[in-house]
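# What shape does this take:
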Amino acid sequence: MCLAAVLGGLPACGRDPKPSSTPAAASGAPRSGGELVVSVRTEPRTFNRLAARDSPSDLVATLTQARLVRINKKTQDVEPWLAERWTTSDDGRQVTLTLRQGVTFSDGHPFTADDVLFSFEAVYDPRVASVLADSLQVGGRKLEVTAPDPYTIAITFPTPFAPGVRLLDNLPILPRHKLAASLESGSFASAWGLTTPPSEVVGLGPFVLDEYVPGQRLAFTRNPRYWRKGPDGSALPYLDRIVVEIVSDQNAELLRLAAGQLDLTNGEIPAESYAMVKRAADEGRVKLFDLGVATETDSFWFNLKPGAFAGDPRARWLQRDELRRAISLAVDRKAFADTVFLGAAEPVYGPETPANEKWYWAGTPKTPHDPAAAKVLLASIGLTDRNGDGLLEDASGTPARFSILAQKGRPRLERGAAVVREDLKKIGVTVDVVALDAAALFERIGSARYDAIFLRVSRTDMDPAITPDFWFSSGTAHLWNIGQAKPATEWEARIDDLMRQQAAALDPVERKRLFDEVQRIFIEHAPVLYFAAPRVIVASSARLVNATPALTLSPLMWSPDTLAVVH
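Numbers count the residues shown, from 1 in each chain. Modelled structure (predicted):
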């Protein structure tokens, strides 16, 4: 079943995605000026991207900061950004980057190599405990960064590193002249918090923060000192102003989009709301973009931190591989796709979806829907129906029961958790679904106070070597057991070793072979389960032009300096 069959109006499943046709789509070259109104579901945790990984904080950084290189989210190519060119040694260990000259921060202060050195110093400082630190290491070791002169940066990787400068897209370049004092005093992690006056948030990005009203909105105005130019030499960004409205309720957000009160949402259109947005598109008020099947999907995982359930009788089985494998067998992935995404999704069985053509393991086993086999696995760890009530217990009589935390206000996550609950009920496992707001949920994850989580988790790049924070046991996004001092299991140690080899291998075929083995081990031990990858539909107002939709965290906002509106 596909969404076209359920709701009608979409191209047949599997066809090339094309944007809907509207008068605005043929409006010609973009014009400067105008305002764009965007929505996010929660407010940012900070204006300092080094301190948080939430989507709104990332959007603030995208608007106000710039990087040495940029990954084009549409083509996946590395593009010159603050570094206008670079050379790489034959062994893949040394890179020399030439910085653009004449670039200034939004407050007029010159940008030099000193700011690059400072940004690396900040991200690596243990007092900062930056969420970006892992993604700027190779094999768990820092890069050696020097500046031979004010406009040259020399980087030495600790080992040969196949992706090369690609990882530099992870680091926004911050102003030493504004933040050096906070780094020296040890307060950098709290610098540029939400109480910081907007004028103090200085950057090299296309916009500057102009206003922040807690719980309501952020407003950004054009950075008159922005260094990028359009294809015809005109100044970028095209827009004069971007207003980011904080709209916590998804239904309210989409109603405002359909009514023309928003120009776009910072995410995809959920399947259950497609019909309403499609009507607005048919009336010429909205444009739809079908991007195909997602390269990532929602994640379900258990708390595997050793000792997390000390004193809990469930500790005997709650962290066992067999439990997770049994759940994978018990969940009907086809029914999951039909229920959660109204059929606009494809079943998936591992950490990569087929949409990530370069890195997907073609040998990924397709776990069947087999409740009987799931019961056999559960019995092997002592979970059987001991009193004939249809529910499983362990040898001590403790019920096979756990809770799943999901993010409140995200209907597809709540539906997904509910489908897991109902499928596990059929094999005698009781599940309690608890919806928490984002702040409470992330606190539980960080403190490892949960049984299981069902959540959308995004990554910064499709190349696995650029996301060591997820793959390495020491990583800050190693969801099931974050930041291990040493691998808690033999299989995690094996993945660590394979990922080190994978990042260092300069032969693309060997890199792919090594990552296939990583996926095999990952699927065997199932620290995270995946059930269905959605078909991604995004929408904008009809007046938005020059957008380049891409399968990424912010499908329409990843390149804000080139967005424009009809006016």
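
# and A129, that's in a helix?
No - counting by DSSP: H, G, I helix; E, B strand; the rest coil, A129 is not part of a helix but coil.

# need the helices for the stretch 1-150 of the chain, in chain order.
In the stretch 1-150 of the chain, the helices defined using DSSP state H, counting those that start in this stretch lie at 3-7, 55-64, 113-124.

# Can you lay out those helices as CSV showing distance to S458?
The C-beta positions use only the backbone N, C-alpha and C, and glycine is treated the same way. Shown next, in CSV, are the helices of the stretch 1-150 of the chain (distance: least, CB to CB, whole Å):
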stretch, distance to S458
helix 3-7, 22
helix 55-64, 7
helix 113-124, 20
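
# can you give me the helices for the stretch 401-550 of the chain?
Using DSSP H, counting those that start in this stretch, helices in the stretch 401-550 of the chain cover 411-425, 438-447, 468-471, 490-504, 508-525.

# Now do the first one: which elements does it pack against?
Other helices and strands packing on helix 411-425, by 3 or more CB pairs under 8 Å, 6 or more residues apart in numbering; DSSP states H and E, are strand 298-302, helix 321-330, helix 333-340, strand 401-407, strand 430-436, strand 452-456.

# would you turn these into a markdown table with mean neighbour count and distance to P150?
Shown next, in a markdown table, are the helices and strands packed on helix 411-425 (neighbours: other CB atoms under 10 Å; distance: least, CB to CB, whole Å):
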| stretch | mean neighbour count | distance to P150 |
| --- | --- | --- |
| strand 298-302 | 22 | 44 |
| helix 321-330 | 22 | 53 |
| helix 333-340 | 20 | 53 |
| strand 401-407 | 21 | 45 |
| strand 430-436 | 16 | 48 |
| strand 452-456 | 22 | 42 |
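
# closest to P270 out of these?
For these, the distance to P270 is smallest for helix 333-340, at 9.6 Å, taking CB to CB.

# Could you figure out how far the lengthiest strand in the chain is turned away from helix 333-340?
Assignment by DSSP state E gives strand 532-541 as the longest strand of the chain. Inter-element angle recorded for strand 532-541 and helix 333-340: 30 degrees (by axes from the mean of the first three to the mean of the last three CA atoms, to 10 degrees).

# If you compare the directions of strand 532-541 and helix 411-425, what angle comes out?
Put simply, strand 532-541 runs at 160 degrees to helix 411-425, going by the same axes, to 10 degrees.

# Could you list the low-pLDDT ranges of this protein?
Applying pLDDT under 70 to the chain picks out residues 1-28.

# the domain parsing of it - what is it?
Domain assignment for the chain, taken from automatic domain parsing, gives 15-41+206-294+546-565, 49-55+64-188, 298-530.

# Can you convert those domains into JSON lines and add a column each for distance to P197?
As requested, the domains of the chain are exported to JSON lines (distance: least, CB to CB, whole Å):
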{"stretch": "domain 15-41+206-294+546-565", "distance to P197": "9"}
{"stretch": "domain 49-55+64-188", "distance to P197": "12"}
{"stretch": "domain 298-530", "distance to P197": "23"}
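
# Indicate which one of those domains is closest to L194.
Across those, closest to L194 is domain 15-41+206-294+546-565 (CB to CB), at 6.8 Å.

# now, of the helices of the stretch 1-150 of the chain, which is deepest in the fold?
Highest mean neighbour count of these: helix 55-64, a mean of 23 (counted as mean count of other CB atoms under 10 Å).

# Counting by contacts, list what that one packs against.
Here helix 55-64 touches strand 35-40, strand 207-213, strand 217-222, strand 241-246, going by 3+ CB pairs under 8 Å, 6+ apart.

# G205 contacts V60, correct?
No - the criterion here is CB atoms under 8 Å, and G205 misses it with V60 at 9.3 Å.

# Spit out the contact partners of R222.
By CB atoms under 8 Å, 6 or more residues apart in numbering, the residues touching R222 are 206-208, 237, 239-241.

# Identify the residues contacting the closest residue to Q484 other than its chain neighbours.
Spatial nearest neighbour of Q484, chain neighbours left out: S473 (4.3 Å); criterion: CB to CB, 6 or more residues apart in numbering. Contacts of S473 were listed using CB under 8 Å, 6+ apart, and they are 481, 484, 486-488, 492-493, 495-496.

# of these, buried ones?
Buried members of the contacts of S473, counted by 16 or more other CB atoms under 10 Å: 481, 484, 487-488, 492, 495-496.

# want to throw these into CSV with distance to L441?
Shown next, in CSV, are the buried ones among the contacts of S473 (distance: CB to CB, whole Å):
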residue, distance to L441
N481, 17
Q484, 22
P487, 26
A488, 23
E492, 24
I495, 26
D496, 27
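
# Endpoint to endpoint, stretch 37-48 covers what distance?
Distance between the two ends of stretch 37-48: 22 Å, counting by CA to CA, to the nearest Å.

# Revised request: answer the last question for stretch 547-561.
Taking CA to CA, stretch 547-561 runs 10 Å from one end to the other.

# Outside of that stretch itself, which residues are in contact with it?
Residues from elsewhere that reach stretch 547-561, judged by CB under 8 Å, 6+ apart: 19, 38, 55, 58-59, 62-63, 73-74, 205-207, 226, 228, 236-239, 242, 264, 266-268, 289, 291-292, 294-295, 355, 458, 536, 538, 540, 544, 562-563.

# Tell me the buried residues within the residues you listed.
Buried by 16+ other CB under 10 Å: 19, 38, 55, 58-59, 62-63, 73, 205-207, 226, 228, 236-239, 242, 264, 266-268, 289, 291-292, 294-295, 355, 536, 538, 540, 544, 562-563, out of the contacts of stretch 547-561.
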